[in-house]
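Q: here is my input, please return the structure:
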Amino acid sequence: MTEAAFFHMRDIDKDYPMGDETVHVLRSVSLDITEGEYLSILGPSGSGKSTLMNIIGCLDTPSAGRYVLKGRAVDELDEGELARLRSREIGFVFQNAQLLPRLCALKNVELPLIYAGIPPRERRHRARQMLERVGLGDRMEHLPTQLSGGQQQRVAIARALVGNPSILLADEPTGALDQKTGAQIMSLFKALSDEGRTIVMITHDMNIAAHARRIVRIIDGELLEGGEAADA
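A: From the prediction side, this is the model:
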């Protein structure tokens with residue numbers, strides 16, 4: 001593990017039983033990420049990148065190997081501790097914004113803070129600040145159906161960031177957007193990276209992956225290059 005790494009995976013395997021056979025989805029994956037890094041994990045459909053994303057996000061557990069996040073061995077945590085780790089340390093952005101349709105943008109962004117037990121006045125203030133940060137200060141009271149696809153994704157990014165997570169984990173964040181709108185979202189990611197945010201982006205698109213400062217490729221469950229960041 002590099003001295004500055006706060007995200008550390010070694011020899012991660014993920015297997016699934018399929019009848020009498022075992023499917024090996026991830027094979028000895030090792031990866032270090034340093035604080036403030038902007039990393040893209042690039043791979044085609046079926047390469048194992050979504051499974052790797054789920055393990056990074058503590059939504060799934062590996063069959064073998066070791067995963068340490070900010071000094072905590074993830075495999076040693078129980079379900080309650082994993083849930084708290086997810087809510088405090090990881091912000092998720094998915095291909096579809098997954099906003100609650102009956103809530104306005106502001107209330108959608110407030111949701112993680114409600115679950116975290118933040119008082120109403122503080123969570124409203126923090127949600128407003130984050131929506132302004134992503135350029136939606138004039139759309140706070142709009143419902144998702146009153147927003148464009150790119151605006152909905154910005155709301156999703158604000159929701160992912162409002163709890164100040166250690167890592168922003170983005171799964172195909174421009175996959176449902178047109179090229180122009182996707183470029184706007186990538187510009188926002190660059191600005192967030194320039195602020196020192198740690199971003200891990202999962203994508204099949206080399207043009208999207210190229211926006212990151214480091215790319216690792218995954219094929220048939222194996223990282224092919226760049227698995228460990230260089231020592232600072």
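
Q: distance of residue 15 relative to residue 9?
A: 16 Å (C-beta to C-beta, to the nearest Å). Where you see a C-beta, it was placed from the backbone N, CA and C, and this is true even at glycine.

Q: who's more crowded, those two?
A: Neighbours per residue (other C-beta atoms under 10 Å) separate residue 15 from residue 9, with residue 9 holding more: 26 against 15.

Q: identify the residue nearest the more buried one in space, chain neighbours excluded?
A: Distance criterion C-beta to C-beta, 6 or more residues apart in numbering; nearest residue to residue 9, sequence neighbours excluded, is residue 31 at 4.5 Å.

Q: that neighbour against residue 214, yeah?
A: No. The pair residue 31 / residue 214 is not scored as a contact, 10.6 Å apart, by C-beta atoms under 8 Å.

Q: more neighbours, those two?
A: A direct count of neighbours by other C-beta under 10 Å for residue 31 and residue 214 places residue 31 higher, at 23 against 15.

Q: three-state assignment of the residue nearest the centre of the chain?
A: Nearest to the mean C-alpha position of the chain, counting by C-alpha atoms, centre = their mean, stands residue 169 at 0.8 Å. Using DSSP: H, G, I helix; E, B strand; the rest coil, the structure places residue 169 in strand.

Q: so who does the nearest residue to residue 163 once chain neighbours are set aside touch?
A: Of all residues not flanking residue 163 in the chain, residue 112 sits nearest, at 4.9 Å (C-beta to C-beta, 6+ apart). Residues near residue 112 by C-beta atoms under 8 Å, 6 or more residues apart in numbering: 87, 159, 162, 163.

Q: buried stuff in the host helix or strand of the first one?
A: Read it as residue 87. According to DSSP states H and E, residue 87 maps onto helix 79-89. Under the neighbour-count criterion of 16 or more other C-beta atoms under 10 Å, helix 79-89 has 85, 86, 89 buried.

Q: could you give the angle of it to strand 167-171?
A: Angle, helix 79-89 to strand 167-171, by axes from the mean of the first three to the mean of the last three C-alpha atoms, to 10 degrees: 90 degrees.

Q: list the residues that contact the residue nearest to the centre of the chain.
A: Residues near residue 169 by C-beta under 8 Å, 6+ apart: 53, 56, 57, 90, 91, 92, 93, 200, 202.

Q: repeat that for 7 Å
A: 53, 56, 57, 90, 91, 92, 200 (C-beta atoms under 7 Å, 6 or more residues apart in numbering).

Q: tell me the SS of the fifth one?
A: Of the three states, residue 91 takes strand under three-state DSSP.

Q: hmm, back to that, could the buried residues of helix 79-89 go into JSON lines alongside pLDDT and distance to residue 138?
A: Putting those into JSON lines (pLDDT from 0 to 100; distance: C-beta to C-beta, whole Å) gives the following:
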{"residue": "85", "pLDDT": "87", "distance to residue 138": "35"}
{"residue": "86", "pLDDT": "87", "distance to residue 138": "31"}
{"residue": "89", "pLDDT": "89", "distance to residue 138": "31"}
